[in-house]
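# Just the structure for this:
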Amino acid sequence: MSANLQMIVLRLIHIIFGTFWVGGAVSVAFFILPAQRAIGQPGMLFVRQLMMGQKFRSYMIGAAVLTILSGLTMYIRYAMAGGGWSQTNTAKILGVGALTAIIAAGIGTGYTGKIGKKMLELGGQIQASGGPPTDAQKAEMESLQGKMQSAFRIVAILLLLTVAAMASARYM
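Numbers count the residues shown, from 1 in each chain. Have a look, this model is predicted:
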């Protein structure tokens with residue numbers, strides 16, 4: 001495969017999967033999770049089905065990994081080409097964008113995963129009891145939902161900053 005064709009493939013992977021990742025994160029952060037919280041238990045069931053049953057979480061993680069790996073590969077190829085590219089404003093801004101994406105991926109896979117696991121465990125306890133949740137369980141679930149929504153908003157904002165950096169880097 002020629003060097004140009006490799007870069008085209010890397011760019012397509014980067015852009016297509018990055019678009020899915022950013023769009024998914026923004027949708028979850030600003031639309032899906034607020035709607036889920038507003039409608040209560042049915043919303044919880046929907047989000048659990050979306051994330052686990054439909055494997056949306058797995059697709060988001062896969063998109064994040066492919067986006068980051070393809071982006072880093074392109075960055076390294078440009079940096080190794082010589083000519084001082086890595087000292088340019090373009091390279092620096094792309095580096096900042098890469099950093100915000102990597103931080104977003106860490107929060108989106110690590111922190112939200114821990115919160116999601118706690119939510120699933122609590123939901124299982126509530127179901128196992130056979131009755132409505134206790135006031136303490138409701139309060140804990142509300143707290144976890146708030147943390148999840150905040151984390152997703154941070155991820156979405158970091159990814160929007162990443163997109164801004166990637167879109168403007170060449171013109172700086």
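
# Run through the helices of this protein in chain order.
3-27, 33-39, 41-48, 56-80, 89-106, 112-129, 135-168 (DSSP state H).

# Flag whichever of those helices has the least confidence on average.
Of all those, the minimum mean pLDDT falls on helix 41-48 (a mean of 86).

# now for that one, which elements pack on it?
Under the contact criterion of 3 or more Cβ pairs under 8 Å, 6 or more residues apart in numbering; DSSP states H and E, helix 41-48 touches helix 33-39, helix 112-129. No exception for glycine: its C-beta is placed from N, CA and C like everyone else's.

# and that helix with helix 112-129, angle?
Put simply, helix 41-48 runs at 130 degrees to helix 112-129, going by axes from the mean of the first three to the mean of the last three Cα atoms, to 10 degrees.

# Give me the contact list for helix 41-48.
If you take Cβ atoms under 8 Å, 6 or more residues apart in numbering as the criterion, helix 41-48 is touched by 32-33, 35-37, 119-120, 123, 141.

# Could you point out which of those residues is nearest to residue 20?
residue 32 (14.8 Å; Cβ to Cβ).

# coming back round to it: using PyMOL, define a selection of the buried residues within the contacts of helix 41-48.
A single PyMOL command selects the buried members of these (16 or more other Cβ atoms under 10 Å):
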select buried, resi 32+33+36+37+119+123+141
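
# Turn the contacts of helix 41-48 into a markdown table, columns for distance to residue 4.
Shown next, in a markdown table, are these (distance: Cβ to Cβ, whole Å):
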| residue | distance to residue 4 |
| --- | --- |
| 32 | 39 |
| 33 | 42 |
| 35 | 45 |
| 36 | 45 |
| 37 | 48 |
| 119 | 47 |
| 120 | 46 |
| 123 | 51 |
| 141 | 52 |
